[in-house]
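can't give you the sequence, but here's the structure:
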């Protein structure tokens, strides 16, 4: 009986820690369990109005995938926005594919397949930046906030196998944390949830 309050505290702390380990939203298609891509292509990150994140967030995503060691090849954004290995310009196809995916939530199988064949990748990762800024909470606390969404598709079929959405905030008083570091934290958390 004496140890009852301690047991309750331990259980509550365990539940809190377990609940904080995941990300806000992650959905995996049933077909993802049989999909194990060896090569992945990271499409240009849609940074929205956060121009200071352009290039930075792309590198963070690519580096995080490489660091995981899950793939034999990670094709970086800068390679995808240039001409394909066979010399054809696939940047228009990449742009059209991303726009269609964003505006009507449709992963066009023909476009996806063309991108996959051009860069010899099995999967495509599409990332959108929702928030990259310093702001204040309702209580008036200063925070650095980065928020993103990701979609991984089977390049051959265009099927969306995984999608996720998450944000990370970091409070500060006087010295602003670098948004790049907040973004690294966010991207690593999201990629941990990605099927591979």
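Thanks, I have the structure now. Model, not experiment: these values are computed from the prediction. Numbers count the residues shown, from 1 in each chain.

Let's see the distance spanning stretch 36-53 from one end to the other.
30 Å (Cα to Cα, to the nearest Å).

low pLDDT regions in the protein?
1-21, 77-88 (pLDDT under 70).

mind listing what's buried in stretch 113-132?
Across stretch 113-132, burial judged by 16 or more other Cβ atoms under 10 Å covers 114-116, 118-119, 121-129, 131-132. All C-beta spots, glycine's among them, are computed from the backbone N, C-alpha and C.

Other residues contacting stretch 100-116?
Stretch 100-116 has contacts (Cβ atoms under 8 Å, 6 or more residues apart in numbering) with 41, 43, 46, 80, 90, 93-94, 96-97, 121-122, 124, 126, 128, 151, 153-160.

Let's see that with 10 Å instead.
Outside stretch 100-116, the residues that touch it by Cβ atoms under 10 Å, 6 or more residues apart in numbering are 37, 39, 41, 43, 46, 75, 80, 84, 88, 90, 92-98, 121-124, 126, 128, 149, 151, 153-161, 163.

Now a PyMOL select for only the buried ones of those residues.
Restricted to buried positions by 16+ other Cβ under 10 Å, the PyMOL selection for the contacts of stretch 100-116 reads:
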select buried, resi 37+39+41+43+46+75+80+84+90+93+94+97+98+121+122+123+124+126+128+149+151+153+154+155+156+158+159+160+161+163
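
Which residue ranges of this protein form helices?
For the chain, the helices defined by DSSP state H cover 4-20, 56-68, 77-80, 91-104, 109-119, 179-192.

Can you say which of these is nearest to residue 145?
helix 179-192 (7.3 Å; Cβ to Cβ).

number of nearby residues for residue 101?
23 (other Cβ atoms under 10 Å).

measure it to residue 71 for me?
21 Å (Cβ to Cβ, to the nearest Å).

Please tabulate the helices of the chain in CSV and include distance to residue 171 as additional columns.
Converted to CSV, the helices of the chain look like this (distance: least, Cβ to Cβ, whole Å):
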stretch, distance to residue 171
helix 4-20, 16
helix 56-68, 21
helix 77-80, 31
helix 91-104, 31
helix 109-119, 40
helix 179-192, 11
